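J.: this is a predicted model, with the sequence first.
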Amino acid sequence: MQLLHIDSAITGANSVSRQLTAQIVAAYQANHPGTQVSYLDLVANAPAHFTMDAMAPRTGQTDGLSEVQKRENAVSEQLVSQFLAADVVVIGAPFYNFSIPTQLKAWIDRIAQPGRTFQYTANGPEGLAKGKTVIIASTRGGVYSTSEGGQAMEHQESYLKVVLGFFGVTDVRFVRAEGVAMGDAAKAQALADAAQAIRNQAAANQAQATQVA
C-alpha cells in the first residue's frame, strides 16, 4: 500500500491542517501495517505556478524544448507519477481566502494532465486515476458548513471534490475542523470533532478490511 501525505499550510508548526494530516496518516498506518508513506511539503517544495513553459510539453511539442521547458516538464512528471503511484492520498487543505492555498492549486495544475489523470472521449471527459482514496484535512478559521451563505462562500472542499472527481477519484473523504479562529473553546471543540472523525474512519476501514479478509 502506497500512501502520499501532502501538506500545504504556510503556518508550519502552528498549522491545524498539518496536525490533522499527521493524525490521519498515523491512524492509517496503525490499521494498515507495512504502508509505505511518501511525504510532500508544498511549502518547502512548491512547484512554480503554471506557465507556458510547463504547458508546452503537454501540447505535443517534443522538439526544440528549452532548458526551462525541460526542467518544468520534469517537475510535472515527478508530481503526477507520485500521485498516480499512490493508493491513498492524504491532503492538508486549509481554507485561504475562500479557497485553497496557491501551493496546492499549483500542484493540481501540474497533475492535471491529459492521458495521465484524465482523457477526453466521444462521451466526454473520463478520469484515469480511478481506485484511489483521498482523505482531506479541511481546516477553516470560521464556520462555513452550516448555512447557505457560508456554503456559497466555500470554494475549498467543493473545488477539491470536483477536480478529484474529474481525475476519476470517487472515494473522497473530509476530516473537517472549522471555527478554529473563533476562540480557544471553539478551536478545542473543532479539534475534538476532527479527532473523532479520524477515529470513526479508522474503525470503518478496519471493519471493512476484516470483512474482506
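T.: Done, it's in.
J.: show me the helices in the chain, by range?
T.: Ranges of helices in the chain, per DSSP state H, are 16-31, 52-55, 67-85, 102-111, 148-152, 157-166, 184-212.
J.: those helices: which one's closest to T121?
T.: helix 157-166 (13.3 Å; C-beta to C-beta). Where you see a C-beta, it was placed from the backbone N, CA and C, and this is true even at glycine.
J.: buried ones in that closest one?
T.: Buried residues in helix 157-166, counted by 16 or more other C-beta atoms under 10 Å: 157, 159-161, 163-164.
J.: pick the one among those residues closest to Q69.
T.: Nearest to Q69 among the buried residues of helix 157-166, with distances taken as C-beta to C-beta, is V163, at 24.6 Å.
J.: look at the closest one and report its pLDDT.
T.: We have a pLDDT of 98 for V163.
J.: contacts only, for it.
T.: 108, 112 (C-beta atoms under 8 Å, 6 or more residues apart in numbering).
J.: okay, it and I108: tell me how far apart.
T.: According to C-beta to C-beta, to the nearest Å, V163 stands 6 Å off from I108.
J.: re earlier: of the helices of the chain, which is nearest A46?
T.: It is, among these and with distance given as C-beta to C-beta, helix 102-111, at 4.6 Å.
J.: how far out from the middle of the chain is the closest one?
T.: Centroid separation for helix 102-111 versus its chain: 10 Å, with C-alpha atoms, centre = their mean, to the nearest Å.
J.: which strands and helices lie in contact with it?
T.: Identification of packing neighbours for helix 102-111 by 3 or more C-beta pairs under 8 Å, 6 or more residues apart in numbering; DSSP states H and E yields helix 67-85.
J.: can you give me the angle the helix it packs on makes with helix 102-111?
T.: 90 degrees (axes from the mean of the first three to the mean of the last three C-alpha atoms, to 10 degrees).
J.: how close does Q201 sit to I135?
T.: Applying C-beta to C-beta to Q201 and I135 gives a distance of 7 Å.
J.: please disregard the earlier target; I meant F166.
T.: From F166 to I135 the distance is 18 Å (C-beta to C-beta).
J.: remind me which residues of this protein are low pLDDT?
T.: 57, 59-62, 206-213 (pLDDT under 70).
J.: report the central residue of it.
T.: What sits nearest the mean C-alpha location of the chain, by C-alpha atoms, centre = their mean, is I91, with 3.5 Å.
J.: would you list the phi and psi of the residue nearest to A106 when sequence neighbours are not counted?
T.: Nearest residue to A106, sequence neighbours excluded (C-beta to C-beta, 6 or more residues apart in numbering): P47, at 4.9 Å. In this entry, P47 is assigned phi and psi values of phi -70, psi 150 (degrees, to the nearest 10).
J.: could you give the number of residues near P47?
T.: Using other C-beta atoms under 10 Å, P47 has 19 neighbouring residues.
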